[in-house]
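Visitor: give me coordinates for this.
(one chain, ligands or ions: 2)
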Amino acid sequence: MTTLDRHLAFSPRILSARAAGKPLVALESTIVTHGMPYPDNLETALAVEASVRKSGAEPATIAVIDGVVRVGLDESELTGLAKAEGVMKLSRADLAYAVASGCTGSTTVAATMIAAKAAGIAVFATGGIGGVHRGGETSLDVSADLEELARTDVIVVSAGAKAILDIGRTLEYLETKGVPVAAYRSDDLPAFWSRESGFPAPLRLDSAEAVAKFQRTREALGIVGGMLIANPLASEDAIARETVEGWIEQALEDAARKAITGKAVTPFLLGRIVELSGGRSLEANIALIKANARLAGEIAVALEAA
Ligand code: PSU
Ligand code: MN
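Guide: Ligands and ions are numbered 1, 2, ... in the order given. Model prediction:
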């Protein structure tokens, strides 16, 4: 029993899924509170849960509510988070602070990985991980998501790293930390809204079973830490890299002019790009997180059999 256990609360649905031996998939909540506007955030959160169920797994959306790490939220709790303003965006540094202080906060990739590990959940779906920001070599703005992937044993399914980042340096960081990065059914590393980032994927895996076998082999060899499965968005939902790049450059300029820093950077850029794209980036973001949830469910099912 870890010391986190008394701070973890499982929803009734998660408890019965567990009792029935159903595989679980963790979902994060920062995408709900800071990643998308209301009501798209709520509709997406519910659709993403449905995607996990289609694969035969049970979704466990994670958030801190009144100082308790909640594993599995019901619709009214998700609605509360989706409408809430000023909710904390929690990462490794402040997850325990929120619990100790009785706060409510959403969990980023890093914090969701910590909670998933504590809850015994091996697979987690998100949209795109955080990484090294453009100019990160001077600003030192590097997401805590990368360090978490290095140390916490959870398989993270995403559409790669967000295109607003410096993808090359993000890959270098992951390589240094020994984090496997595998594109799903592609030779290219996707870049969130686009199918390609301009970088080849370090590894390629073509089935959920292959992901499960790779993970079980890592465990057998005593290799700890997470891995990133980068799932490219379907062609019909993806946006061309050149199109996205224009919006990103404009959003970055606006962020610099407004002197946006720290945790506020990623939510600002995502929100600004939704405006600049006339909602197209949001549609792609919704499609990619649903696809990632579906794949994560398949991987969770395959892991049980591997
Ligand atoms: N994926 C999305 N939208 C998001 C995120 C992921 O489609 O908003 C969130 C995740 O919670 C991720 C965070 O951990 O963005 C990265 O924030 P930062 O760059 O501040 O580490
Ligand atoms: Mn940052």
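Visitor: measure I65 to D145 for me?
Guide: 22 Å (Cβ to Cβ, to the nearest Å). To be clear about C-beta, it is placed using only N, CA and C from the backbone, and glycine gets the same treatment.
Visitor: where does the stretch 51-200 of the chain get nearest to ligand 1, residue-wise?
Guide: G127 (2.0 Å; Cβ to the nearest ligand atom).
Visitor: isn't that residue up against I289?
Guide: Yes: counting by Cβ atoms under 8 Å, G127 touches I289, with 4.5 Å between them.
Visitor: overlap in contacts, these two.
Guide: Residues touching both G127 and I289 (Cβ atoms under 8 Å, 6 or more residues apart in numbering) are 31, 159.
Visitor: ok, the residue of the chain positioned farthest from its centre - contacts?
Guide: Relative to the mean C-alpha coordinate of the chain, counting by Cα atoms, centre = their mean, the farthest residue is R257 (28.1 Å). Contacts for R257 were tallied using Cβ under 8 Å, 6+ apart; there are none.
Visitor: max-length helix in this structure?
Guide: helix 280-305 (DSSP state H).
Visitor: that helix and ligand 1, any residue contact?
Guide: Yes: Helix 280-305 is in contact with ligand 1 by Cβ under 6 Å from any ligand atom, via 285, 289.
Visitor: centroid residue for the chain?
Guide: Centre-nearest of the chain using Cα atoms, centre = their mean is T126, 2.7 Å out.
Visitor: phi, psi of that one?
Guide: Backbone torsions for T126, taken as degrees, to the nearest 10, come to phi -140, psi -180.
Visitor: compare I65 and D145 (neighbour count), which wins?
Guide: Neighbours were counted for I65 and for D145 using other Cβ atoms under 10 Å; D145 has more, 27 against 20.
Visitor: how about the closest residue in space to V142 that isn't next to it in sequence, phi and psi?
Guide: Leaving aside its chain neighbours, V142 sits nearest to V132 (5.0 Å; criterion: Cβ to Cβ, 6 or more residues apart in numbering). Note on V132: its backbone torsions stand at phi -80, psi 120 [degrees, to the nearest 10].
Visitor: hang on, E49 packs against A26?
Guide: No: judged on Cβ under 8 Å, E49 makes no contact with A26 at a distance of 11.5 Å.
Visitor: those two: who's more crowded?
Guide: Per other Cβ under 10 Å, whichever of E49 and A26 has more neighbours is A26, with 29 against 22.
Visitor: in contact with the nearest residue to P232 once chain neighbours are set aside, which residues?
Guide: The spatially closest residue to P232, leaving aside those adjacent along the chain, is P190, at 3.9 Å (Cβ to Cβ, 6+ apart). Shown in contact with P190 (Cβ under 8 Å, 6+ apart): 159-160, 183, 196-197, 230-233.
Visitor: now do 10 Å
Guide: For P190, the contacting residues are 128, 158-161, 163, 167, 183-184, 196-197, 199, 201, 230-233, 238, 288, by Cβ atoms under 10 Å, 6 or more residues apart in numbering.
Visitor: go on, S158?
Guide: Counted by Cβ under 10 Å, 6+ apart, S158 has contacts 109, 124-130, 145, 190, 192, 228-231, 288-289, 292, 296.
Visitor: so which of the residues you listed are in strands?
Guide: With DSSP state E as the criterion, strands contain 124-125, 228-230 from among the contacts of S158.
Visitor: same list (those) but as JSON lines, adding neighbour count, distance to Y97 and pLDDT.
Guide: Shown next, in JSON lines, are the ones in strands among the contacts of S158 (neighbours: other Cβ atoms under 10 Å; distance: Cβ to Cβ, whole Å; pLDDT from 0 to 100):
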{"residue": "F124", "neighbour count": "30", "distance to Y97": "22", "pLDDT": "98"}
{"residue": "A125", "neighbour count": "31", "distance to Y97": "26", "pLDDT": "98"}
{"residue": "L228", "neighbour count": "27", "distance to Y97": "27", "pLDDT": "98"}
{"residue": "I229", "neighbour count": "26", "distance to Y97": "30", "pLDDT": "98"}
{"residue": "A230", "neighbour count": "29", "distance to Y97": "31", "pLDDT": "98"}
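Visitor: of those residues, which is the nearest to P37?
Guide: Comparing the ones in strands among the contacts of S158 against P37 with Cβ to Cβ places A125 closest, at 20.7 Å.
Visitor: could you verify my assumption that L295 touches I229?
Guide: Yes: the pair L295 and I229 qualifies as a contact (Cβ atoms under 10 Å) at a distance of 7.2 Å.
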